[in-house]
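Enquirer: Sequence and predicted structure, then a few things I'm wondering about:
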Amino acid sequence: MKLMEDEAKKIFAEYGIKIAEHIVLDDWTQDSLEKIREKVGEKVVVKALVDVGGRGKAGGVWISPDDASPTAIQEACQRLLGSELKGVPVERVLIEGRLSVLHECYVSITIDRQKKSPIILFADDGGVDIEELAQNHPSSIRKNNVFPLCETIPDYISRHIVNQKGLQEVAEHVDIDAPIIAEIKQIVNTLYRVFQEKDCILVEVNPLVITPDGVYAADAKIILDDNALYRQDITQNRDLSRLEQEAEEYGFSFVELDGDIGVIGNGAGLTMATLDLVHQSGGKPANFLDIGGGADKERVKRALQVIEKLPNLKIIVVNLLGGITRCDEVAEGVIAANVSHPIMFRLAGTNEEEGRAILNKHGYSAIYQSTEDVIKHAVDSVQGSRSDRPGDSA
């Protein structure tokens, strides 16, 4: 689950990482300007609090000039509030003090799935062009795996990540009490603690800025592991859609997509392969739904009732391989669900003949022998390029 910038910065502050003074507004009222003056000051940065990347380039960040009037701050807040940024409504804005930036760096910690360990990434230059930097000059981003997993970053990794010529040159021109490099090393170590203790899959600061008053996290991104939300006392995953939340209550592995062909499978591999075949055949899957092994009548019924609510749905593909899952139980669940959309099937395995007989008895005859066949007929049916329609004999 992704945290919003204000939530991530609150965590950073709890761990002792410097952040700018800030307030969050969800509406502009008569006393808003006074609150900003009292808490933040006259020189501010106004940011749209939305879960999209590249806010600055998309017009979601306003940096006040030195001569900015109170009216300009008000206009910036009101312009963003109620607007859309990359299609996402802006319901809240973050107003924080403008930092005196001398230099910008980049740091992130995530999971290296190949090496099965955390990996730290650091660049002497950060900011809005970090993607271009990574693409055009990949060697400028230093990477270190932390392996084996340990509570703190080994000193040799800290030295490699931070103690570089570029930062040393910056340090020579910045007059602060604590050495910059030592402060950045401490921040990287602290971020690693956040990463572990908050069950993160990503912690990112871009930019990590050097100022005359020390090093600040000017931005903050944290993504929590969905499987560990309970350990963080989070009861609901905000990233899930309404249907995904409903499916989670039933224990389904479900992801809502934007296509029109609903997909139910048993087993993540089979379900993913079904989605791939839909794409390969020119169709668009409306979802991923894995009902798991041994699904009974009630589970199949619930799965179909969830998929039935997908907004763009035109047809449903049920692709099940019966091992511990019984095809007759699946058929009974289909009948009990009584969905209005047409359904095409590929049933194979345990009690296959019984399942087919139940479906045929209730008018479901679009039952195919292979995954390729059922996908081909479903895509053709949706595209209207065949005379076959759901319910026709296969």
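Expert: Good, I have the coordinates.

Enquirer: tell me which element the spatially closest residue to I157 that is not a sequence neighbour is part of?
Expert: With CB to CB, 6 or more residues apart in numbering as the criterion, I157 has its nearest non-adjacent residue at 4.6 Å, and that residue is N144. Every C-beta, even on glycine, is put in place using the N, C-alpha and C of the backbone. Using DSSP states H and E, N144 sits within strand 141-145.

Enquirer: Show me what that strand is packed up against.
Expert: strand 117-123, helix 155-162 (3 or more CB pairs under 8 Å, 6 or more residues apart in numbering; DSSP states H and E).

Enquirer: most neighbours per residue, which of the ones you listed?
Expert: Highest mean neighbour count of the helices and strands packed on strand 141-145: strand 117-123, a mean of 20 (counted as mean count of other CB atoms under 10 Å).

Enquirer: pLDDT averaged over it - what is it?
Expert: What strand 117-123 shows for mean pLDDT is 91.

Enquirer: Send me that strand as PDB with only the CA atoms.
Expert: Only the C-alpha atoms of strand 117-123 are listed here, as PDB (Å, rounded to 0.1, in the frame of the first residue of the first chain):
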ATOM      1  CA  SER A 117      17.700  -9.000  -0.600                       C
ATOM      2  CA  PRO A 118      17.200  -5.200   0.000                       C
ATOM      3  CA  ILE A 119      19.100  -3.000  -2.500                       C
ATOM      4  CA  ILE A 120      20.100   0.600  -1.800                       C
ATOM      5  CA  LEU A 121      20.300   3.100  -4.700                       C
ATOM      6  CA  PHE A 122      22.100   6.500  -4.400                       C
ATOM      7  CA  ALA A 123      22.800   9.200  -6.900                       C
END
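
Enquirer: Now do that strand: distance to the chain's middle.
Expert: 19 Å (CA atoms, centre = their mean, to the nearest Å).

Enquirer: For D276, the count of nearby residues, please.
Expert: A count of nearby residues for D276, using other CB atoms under 10 Å, gives 12.

Enquirer: Look up how far A286 lies from it.
Expert: Here the criterion is CB to CB, to the nearest Å. By it, D276 lies 15 Å from A286.

Enquirer: so where's this structure shaky on pLDDT?
Expert: 127-139, 148-149, 163-178, 385-394 (pLDDT under 70).

Enquirer: need the longest helix for it.
Expert: helix 180-197 (DSSP state H).

Enquirer: what helices or strands is that one leaning on?
Expert: strand 103-112, strand 117-123, helix 155-162, helix 165-172, strand 200-211, strand 214-217.

Enquirer: For A58, find the nearest of those.
Expert: Closest to A58 of those is strand 200-211 (CB to CB; 15.3 Å).

Enquirer: relative orientation of the closest one and strand 103-112 in degrees?
Expert: Counting by axes from the mean of the first three to the mean of the last three CA atoms, to 10 degrees, strand 200-211 lies at 170 degrees to strand 103-112.
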